[in-house]
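*Asks:* Prediction below, plus the sequence it came from.
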Amino acid sequence: MAPELKDILFLDIETVGMVAQHSQLNERFKAQWARKASFLKREENQTDEDLFHERAGIYAEFGKIVVVAIGKYVETENGELGLKTKYFANDNENILLDEFKATLDKVDPKTKLCAHNGKEFDFPYLSRRMLVHGISLPALLNLSGKKSWEIPHLDTMEMWKFGDYKHYTSLDLLLALFDIPSSKGEMDGSKVNHAYYQEKELKKIAEYCTRDVVAIAQLYLKMKNLPLIKEINIDNK
């Protein structure tokens, strides 16, 4: 395995609103959401309640994590590059984050996390939700006070920017650009909240999250001008 591929842990999270419906918020949180929603763009006739269903999961103050998926490059028995994945999924966010923290505490301190838009979303969201639950931050996520360029972890969106700060580039667009199989199927990020609360499809969300991790790991290889991992060498057990 190439040296630059060692000690990388690919990561993706799926988040939903902290409760199923706006009406379930206590009065204190309803007031805070009204304040937040006043700054959000909305279509005509969209209410605070509509926005909560669509957008609350994006914000660590109003959402929760239901899945964390991870992946790591491995060398197969025949010496080829492979990828091993695992996911943590639980309705109880505290339990989920405790299990994920235990995993991070065991990895090599040299490990770098890698996510798409991870520095703006996944890494801070994980850290914030851990603090909400009184979980001490693992060393790999103890990034408080650091600027984005001071964070040692990797971010495929940042890699694609090459220093350009003008715009967001979606994972799905880059997958199309590099002809990498899309992680999207019946599920995409906009459907997670509905799938979780209305359809009770946590396992389907976890499988979608895992596909995102595979896609990010493949995209990272393209960023390094290296060949993709063969499908047969991807272990999603």
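*Replies:* Structure received. On a predicted model such as this, the values are computed, not experimentally measured, just so you know. Numbering: from 1, shown residues only.

*Asks:* any weak-confidence spans in this protein?
*Replies:* For the chain, the stretches with pLDDT under 70 are 148, 185-186, 237.

*Asks:* all strands of it, in order?
*Replies:* Assigned by DSSP state E, the chain shows strands spanning 8-17, 63-75, 81-89, 112-115, 154-155, 234-235.

*Asks:* Among these, show me which one is buried the most.
*Replies:* The highest mean neighbour count among the strands of the chain, using mean count of other CB atoms under 10 Å, belongs to strand 8-17: a mean of 24. For the C-beta atoms, the positions are set from N, CA and C on the backbone; glycine is no exception.

*Asks:* packing partners for that one?
*Replies:* Applying 3 or more CB pairs under 8 Å, 6 or more residues apart in numbering; DSSP states H and E, one finds that strand 8-17 contacts strand 63-75, strand 112-115, helix 122-132, helix 192-197, helix 202-223.

*Asks:* now those in a markdown table, with distance to L9?
*Replies:* Compiled in a markdown table, the helices and strands packed on strand 8-17 are given as follows (distance: least, CB to CB, whole Å):
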| stretch | distance to L9 |
| --- | --- |
| strand 63-75 | 6 |
| strand 112-115 | 5 |
| helix 122-132 | 12 |
| helix 192-197 | 22 |
| helix 202-223 | 10 |
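
*Asks:* Now render the strands of the chain as CSV, adding distance to F123.
*Replies:* Output for these, formatted as CSV (distance: least, CB to CB, whole Å):
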stretch, distance to F123
strand 8-17, 8
strand 63-75, 12
strand 81-89, 16
strand 112-115, 7
strand 154-155, 9
strand 234-235, 24
